[in-house]
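> Whatever this is, show me its structure:
(chains A, B, C and D)
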Number of protein chains: 2
Amino acid sequence: MSVEAGQRRRLEPDARRQQILSVAVRLFGERGYADVSTTDVARGAGVARGLINHYFGTKKDLYLAVVRVMLTVPSAAVAGLPEGDLPTRVDALVTWFLDVVSRHSTSWLAAINAGGMAGDPDVDRVIGEAIDAAADGVLDATGFAGRRTEALHAMARSYVWFCTSTAREWLQRGVLTRVQVHKVLATTLMAMAGEVFV
Amino acid sequence: MSVEAGQRRRLEPDARRQQILSVAVRLFGERGYADVSTTDVARGAGVARGLINHYFGTKKDLYLAVVRVMLTVPSAAVAGLPEGDLPTRVDALVTWFLDVVSRHSTSWLAAINAGGMAGDPDVDRVIGEAIDAAADGVLDATGFAGRRTEALHAMARSYVWFCTSTAREWLQRGVLTRVQVHKVLATTLMAMAGEVFV
DNA sequence: GCGGCTTGTTGGCACCCTGTCAACAAGGTC
DNA sequence: GACCTTGTTGACAGGGTGCCAACAAGCCGC
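Prediction:
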């Protein structure tokens, strides 16, 4: 107990908001939407429950902020792919993806999994934006960013979902190795780039 | 109103259970877990709310029964793939999958989407079993059912997730055509069978 | 036909969670 | 030290869930 529980302390709005958000990220990351009550978050932050509504609005709004944090971290360094022929660029993209997802595996996979909120329009929109960004990276790496169409983008998005589910078999189920995942993802992307992206 | 609302009628347990279940399937299929209350289901069935707990236990148990119904329907006719070379069998598998998913699109995609319950161990287990069954079909169609390993099965499972997300781009977003989805799925499965299943 | 019995069914109770809001007080200012 | 801004609290009302004793529909023996 490093915090005096009996005393009431004023923090600057940004600091308090950040403190609550970090607690929420931790809790939602390990327990899923329905299993985390705003009371839990408030207790974790040593704060009255009403303060959460004051800063974030509704519980779902808080969750949206949490998902944004979880998804924004990895997408920081999307750019920076090397030059070279198609196999080289595809390999670099897959390597980059596996690095990112293994580093932030828990939070990132938890966010993509939607922790029990998939189907909600707002949550799906936030996740969809992250998937869209990743899909842009896929089209970029395969050299189709210039000829981008809605259909191409949809296929790339679908491939990103494929990446996440394959990564889950590696990081969560532990039944695939990183080398195997790498080969699966690189091979399928090569096939898509060569035969269906046209 | 074909049902006398004011009268209390006794039904046989199986009939009542089935009646409640069908209402629950309809409601959960169109509105997601959190947005459907047991009161809604009870009202839809013209029944006291407590009766739902009597027949199904908790609300999550009811939802599990609903998901089982939604996922069991399509997996009925998994078998029956034609003989022939690899491209022929792959093509038939993809055609079969697209037929099934387009016929039961709403309920099946809703169930796979978990309607806001992904992350729950029990729900994930039920969905996982359906994915496993589909993955068996994939290994069967590609002729690797005999040499089945855990890793192969994981890759097939991952491919099934790829199929669902691609189908979503077609049936829910409407940005891909059936022909495009077919080509994507057939091409990638051919690539996986030829290069990574080894 | 009638009382009794099995059991499908109901309504209400207790508990938890959520969103709101008026009241409170911490910390700076004059 | 009085005062004022505003971060913070606690209580309230509404709604959802699980549970359980009481009720009654429909069948059986007489």
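> buried sites along stretch A:119-137?
A:119-120, A:123, A:126-127, A:130-131, A:134-137 (16 or more other CB atoms under 10 Å in any protein chain shown). Every residue, glycine included, has its C-beta placed from N, CA and C.
> With respect to chain B, which of these is nearest?
A:G119 (4.4 Å; CB to the nearest CB).
> helix, strand or coil for the closest one?
Taken by DSSP: H, G, I helix; E, B strand; the rest coil, the conformation at A:G119 corresponds to coil.
> That one and B:I112 touch, don't they?
No: using CB atoms under 8 Å, A:G119 is not in contact with B:I112, being 10.8 Å away.
> So A:V138 is in contact with A:W161, correct?
No: counting by CB under 8 Å, A:V138 sits too far from A:W161 to count as a contact (11.2 Å).
> between those two, which one's more packed in?
For A:V138 versus A:W161, the count of surrounding residues by other CB atoms under 10 Å in any protein chain shown is larger for A:V138: 26 against 21.
> Pull the contacting residues for that one.
Going by CB atoms under 8 Å, 6 or more residues apart in numbering or on different chains, A:V138 touches A:93, A:156, A:159-160, A:189.
> Let me see the confidence value for it.
Note on A:V138: pLDDT of 94.
> My read is that A:I131 contacts A:V160, right?
Yes: using CB under 8 Å, A:I131 is in contact with A:V160, at 5.3 Å.
> thinking again about what came up before, closest to DNA strand C among the buried residues of stretch A:119-137?
Proximity of the buried residues of stretch A:119-137 to DNA strand C (CB to the nearest atom of the strand) peaks at A:D120, which lies at 12.4 Å.
> what helix or strand is A:R9 on?
Assigned by DSSP states H and E, A:R9 belongs to neither a helix nor a strand.
> For burial, what's the neighbour tally of it?
9.
> any idea how far chain B is from it?
Going from A:R9 to chain B by CB to the nearest CB, to the nearest Å gives 35 Å.
> Kindly report the same for A:H182.
10 Å.
> got the contact list for that residue?
Here A:H182 is in contact with A:94-95, A:98 (CB under 8 Å, 6+ apart).
> Tabulate the residues you listed in JSON lines, adding columns for distance to DNA strand D.
Formatted as JSON lines, these follow (distance: CB to the nearest atom of the strand, whole Å):
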{"residue": "A:V94", "distance to DNA strand D": "42"}
{"residue": "A:T95", "distance to DNA strand D": "43"}
{"residue": "A:L98", "distance to DNA strand D": "40"}
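> Can you tell me which of those residues is nearest A:K60?
A:L98 (31.6 Å; CB to CB).
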